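Visitor: After the sequence you'll find the predicted model.
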Amino acid sequence: MAVSIVAVVGLTAACSGSGSGSDGKDSGSGGGGAKPSVSARGKLEKAALVPGDVRKYKVEKESAGSGNKATPPTGRANPAECRPLSEMLAAVAPPKSNAHVSRTLNGNDLANTTTTEVVLLAYGRADAAKTMDALRAATKSRKCVTFGDGGHRYFGIRPQPAPVGGDEAVSYKLASRAGEFLDRNRVSVVRSGSTVIAFRASNLFDPESAKADKEGEAAGLPEKFRDRETADPKVADAIVDAQLAKLGRLAEAK
């Protein structure tokens, strides 16, 4: 069977901005490697999804002590301009973010094997806008269609339709090898003011199972006995809408 996994995470970027809000200027930007801001993390915790916020999904909090880890070493991606894409897939807070919290969502339907990671990142407003610009540029660069980062090789990077909402958004998909499996990811990042929200949907594709499914379908095997995990993962609109709505309610309450 194809299995779904959570690549401990954060995400991002792609095709075109979906909003037209002003980026503005903000002198209060978090520096790379700076200590996490307790107040910033507290605000993100209030805005993060909790069980019951998204119907038909189970929401799990990141494990204790896993937030606000040190930033990854610079210049590890090759080409270097592709680094923004891999930063959002790493189990660390990207450079210049002040704090981050994450949630993992899985559908209650056992047939839905896609796992979605939602990461909220606090920035100074100027750094938040620059982060989105860097991501957008990376998704458009021909050099980043395939790139390496550490022991990983990412390929198939393609811009995707971005979510509607926030001040701007970018989306893309990419994949990497995980043994005999294909680790597929669909990443969407939305900026709302100085908060950047990264959504990443992922699943594992098993070529052998897919081949067996096609053979089973041709032989008339009932669908319930077939794996069916052939579609690319997708970030559910319900998850994006619920997260943006919660963040918006908190902003209005100030």
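Guide: Here it is on my side, so go on.

Visitor: Identify the residue nearest K43 in space, chain neighbours excluded?
Guide: Take K43 and drop its neighbours on the chain: the residue closest to it by C-beta to C-beta, 6 or more residues apart in numbering is A122, 7.0 Å away. Glycine gets a C-beta too; all of them are placed from N, C-alpha and C.

Visitor: Was I right to think the one you found contacts K96?
Guide: No. The criterion here is C-beta atoms under 8 Å, and A122 misses it with K96 at 10.3 Å.

Visitor: So these two - more neighbours on which side?
Guide: Between A122 and K96, counted using other C-beta atoms under 10 Å, the more crowded position is A122 (26 against 20).

Visitor: For that one, give me its contacts.
Guide: A122 makes contacts with 30, 37, 40-41, 43-44, 97-100, 194-195, as judged by C-beta atoms under 8 Å, 6 or more residues apart in numbering.

Visitor: go again using 7 Å as the cut-off
Guide: Residues near A122 by C-beta atoms under 7 Å, 6 or more residues apart in numbering: 37, 40, 43-44, 97-99, 194-195.

Visitor: next one: A201
Guide: 114, 116, 186, 233-235.

Visitor: so where do the strands sit in the stretch 51-200 of the chain?
Guide: Along the stretch 51-200 of the chain, counting by DSSP state E, counting those that start in this stretch, strands occupy 57-61, 77-78, 99-107, 115-122, 147-149, 152-159, 168-178, 181-192, 195-205.

Visitor: got CSV for the ones you listed, with distance to L85 and mean pLDDT too?
Guide: Shown next, in CSV, are the strands of the stretch 51-200 of the chain (distance: least, C-beta to C-beta, whole Å; pLDDT from 0 to 100):
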stretch, distance to L85, mean pLDDT
strand 57-61, 25, 95
strand 77-78, 8, 86
strand 99-107, 17, 93
strand 115-122, 14, 94
strand 147-149, 7, 90
strand 152-159, 7, 90
strand 168-178, 7, 92
strand 181-192, 8, 92
strand 195-205, 11, 91
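
Visitor: Adding distance to E252, write these out as TSV.
Guide: Output for the strands of the stretch 51-200 of the chain, formatted as TSV (distance: least, C-beta to C-beta, whole Å):
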stretch	distance to E252
strand 57-61	22
strand 77-78	38
strand 99-107	20
strand 115-122	17
strand 147-149	39
strand 152-159	32
strand 168-178	20
strand 181-192	12
strand 195-205	14
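
Visitor: Among the contacts of A122, which one sits closest to T131?
Guide: Closest approach between those and T131, by C-beta to C-beta: S97, at 7.9 Å.

Visitor: any idea of the pLDDT on that closest one?
Guide: Looking at S97, its pLDDT stands at 88.

Visitor: what does G17 give?
Guide: At G17, pLDDT is 36.

Visitor: same question, the one 5 residues further on
Guide: Here, the pLDDT recorded for S22 equals 33.

Visitor: show me the contacts for the closest residue to V50 other than its chain neighbours.
Guide: Closest residue to V50 apart from its sequence neighbours, by C-beta to C-beta, 6+ apart: V59 at 6.0 Å. Residues near V59 by C-beta under 7 Å, 6+ apart: 49-51, 53, 103, 105.

Visitor: make it 6 Å
Guide: 49-51, 103, 105 (C-beta atoms under 6 Å, 6 or more residues apart in numbering).

Visitor: ok, which pair from those is furthest apart?
Guide: Among these, V50 and L105 lie farthest apart (C-beta to C-beta), at 11.0 Å.
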